[in-house]
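**Q** Okay, structure incoming, though there's no sequence with it:
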């Protein structure tokens, strides 16, 4: 099958899927209506989809042979959209990371693969997951068995910005995306009147020293050649300016590419926080609220898949190697268990300035939907044929 030609014929359908999902804009693990829509469309196509990991969706096609997983995510972000699109979400959430495109282009690929099922030389498992933004969805689906029998996996992510269509970004040498270890540190002191600090223990003072200590972890305890980022994005304490509160909470994220360094600094962060709090007369409780490894693709499979994409015939196709982002992606949990490929697909424009992903004003080029659907369907068909 000429997947690109067929995808272009199906453009109106794929765009309609994208816009419908875009307006639903559900967040976290609660992608109920989006999952319902995916199940409805797959059922119409002759699949037998089922829920997995809560509000995830799984369906299979083909028979026997190797099994290749194709994955998309469905969740949006918890802030209002300001894109100006006529189909913008109005429910206070926004698909500002492009997961609506991911959902739609995998549905487009599913439609074409069903039409070409007789030619498939193996099995394809289709995965739509909730909760990527909160780093819970893939783990929930893995725990519910989504990877049973899976030999390899492919996922594609939209890349917004002032960039041309046709770019495909990949990494076959090292981590493509950073790990993410989100933390919550509760610094516990003893409340007192602000006029008599000697009668209490300030958790704000403890938190300030813990914050400074965390900066030393990055500047003094790792090689300058190894990427690592630590950010505290939220501090919360107190309700009155003349009272010392009982607690101060810091929340943030630590990200990097080196697995050993990641584990070392996680341990050091806990020890530093606890000992610092103890030194100032209080205590610190460290909780890891999300833990995702770095996204490391299988080098041989990356080269194989990039070769397949070059056969699709997308105008301006241009592979961009050595892509690395300090953002994180919970497809990394899949890549930790099976060989796989994560690709960034250009969904940008060159004739206008475009905001970045996670910006309420971001817009995505819908012409990329057909390209991505064709890439996915063709790569899956070719990979099964070459690995039967």
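**A** Here it is on my side, so go on. For clarity, every value in this text was computed on a predicted model and none was experimentally measured.
**Q** check which helix or strand covers residue 215.
**A** helix 203-220 (DSSP states H and E).
**Q** need the next SSE after the host helix or strand of residue 262, C-terminal direction.
**A** Using DSSP H and E, residue 262 sits in helix 259-279. Next along the chain after helix 259-279, taking DSSP H and E as the criterion, comes strand 283-292.
**Q** now that following strand against helix 203-220, angle please.
**A** 50 degrees (axes from the mean of the first three to the mean of the last three Cα atoms, to 10 degrees).
**Q** Could you list the buried residues of strand 283-292?
**A** 283-284, 286, 290, 292 (16 or more other Cβ atoms under 10 Å). C-beta coordinates here come from the backbone N, C-alpha and C atoms, glycine included.
**Q** same thing with stretch 167-179?
**A** Buried residues in stretch 167-179 (16+ other Cβ under 10 Å): 167-172, 175-179.
**Q** First-to-last residue distance for it?
**A** 24 Å (Cα to Cα, to the nearest Å).
**Q** Helices of the protein, start to end?
**A** Using DSSP state H, the helices of the chain run over 3-9, 11-24, 32-44, 99-115, 137-143, 203-220, 259-279, 299-310, 332-335, 367-386.
**Q** chain center to the last one, what's the gap?
**A** This means helix 367-386. Between the centre of helix 367-386 and the centre of its chain there are 20 Å (Cα atoms, centre = their mean, to the nearest Å).
**Q** One more: the second one?
**A** With Cα atoms, centre = their mean as the basis, helix 11-24 stands 20 Å off its chain's centre.
**Q** Mind giving me the packing neighbours of that helix?
**A** With contacts taken as 3 or more Cβ pairs under 8 Å, 6 or more residues apart in numbering; DSSP states H and E, helix 11-24 sits against helix 32-44, helix 99-115, helix 367-386.
**Q** Quick check: mean pLDDT of the second one?
**A** So that's helix 99-115. Helix 99-115 comes out with an average pLDDT of 98.
**Q** do stretch 68-84 as well
**A** 98.
**Q** Compute the first-to-last residue distance for it.
**A** 38 Å.
**Q** Also stretch 137-152?
**A** 19 Å.
**Q** List the buried residues of that stretch.
**A** 137-142, 146-147, 150-152.
**Q** Just put the residues you listed in a markdown table and tack on pLDDT and distance to residue 162.
**A** A markdown table is the format used below for these (pLDDT from 0 to 100; distance: Cβ to Cβ, whole Å):
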| residue | pLDDT | distance to residue 162 |
| --- | --- | --- |
| 137 | 98 | 30 |
| 138 | 98 | 30 |
| 139 | 98 | 35 |
| 140 | 98 | 36 |
| 141 | 98 | 34 |
| 142 | 98 | 36 |
| 146 | 98 | 36 |
| 147 | 98 | 37 |
| 150 | 98 | 37 |
| 151 | 98 | 38 |
| 152 | 98 | 33 |
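**Q** Return the member of these nearest to residue 330.
**A** residue 138 (4.4 Å; Cβ to Cβ).
**Q** how much space between the closest one and residue 144?
**A** 11 Å (Cβ to Cβ, to the nearest Å).
**Q** what do you get for residue 340?
**A** Taking Cβ to Cβ, one finds residue 340 at 19 Å from residue 144.
**Q** just residue 347 next, same as before
**A** Taking Cβ to Cβ, one finds residue 347 at 30 Å from residue 144.
**Q** Likewise for residue 248?
**A** 38 Å.
**Q** what sits against the residue nearest to the spatial centre of the chain?
**A** Among the residues of the chain, the one closest to the centroid is residue 329, at 3.3 Å (Cα atoms, centre = their mean). With contacts taken as Cβ atoms under 8 Å, 6 or more residues apart in numbering, residue 329 has the following neighbours: 132, 157, 177, 292, 295, 342.
**Q** Taking these together, which two end up most distant?
**A** Longest span within the contacts of residue 329, Cβ to Cβ: 157 and 292, 14.4 Å.
**Q** Please parse this structure into its domains.
**A** 3-177+295-386, 195-292 (automatic domain parsing).
**Q** hang on, the earlier thing: can you give the distance from the helix holding residue 215 to the centre of its chain?
**A** Worked out by Cα atoms, centre = their mean, helix 203-220 lies 28 Å from the chain centre.
**Q** Run the angle between that helix and helix 259-279 for me.
**A** Going by the same axes, to 10 degrees, helix 203-220 makes 150 degrees with helix 259-279.
**Q** So what touches helix 203-220?
**A** Contacts of helix 203-220 (Cβ under 8 Å, 6+ apart): 185, 187-189, 228-230, 232, 235, 237-238, 244-250, 252, 265, 268-269, 272-273, 276-277, 279-280, 282, 284.
**Q** mind running it again at 6 Å?
**A** Helix 203-220 has contacts (Cβ atoms under 6 Å, 6 or more residues apart in numbering) with 187-189, 228, 230, 232, 237, 247-248, 250, 265, 268, 272-273, 276-277, 280, 282.
**Q** in it, what's buried?
**A** Buried, per 16+ other Cβ under 10 Å, within helix 203-220: 203, 205-211, 213-214, 217.
**Q** cool, stretch 305-322 as well?
**A** 305-306, 308-309, 312, 314, 317, 319.
**Q** Equivalent analysis for stretch 333-347, please.
**A** 333-336, 338, 340-347.
**Q** For residue 161, find the nearest of the helices of the chain.
**A** helix 367-386 (12.0 Å).
**Q** Against which helices or strands is that closest one packed?
**A** helix 3-9, strand 67-73, helix 99-115, helix 299-310 (3 or more Cβ pairs under 6 Å, 6 or more residues apart in numbering; DSSP states H and E).
**Q** show me what contacts the residue lying closest to residue 171 once chain neighbours are set aside?
**A** Leaving aside its sequence neighbours, residue 171 sits nearest to residue 323 (Cβ to Cβ, 6 or more residues apart in numbering; 5.2 Å). By Cβ under 6 Å, 6+ apart, residue 323 lies in contact with 169-171.
**Q** and residue 257, what does it touch?
**A** Residue 257 neighbours (Cβ under 6 Å, 6+ apart): 175, 178, 227, 294.
**Q** Great, nothing more from me.
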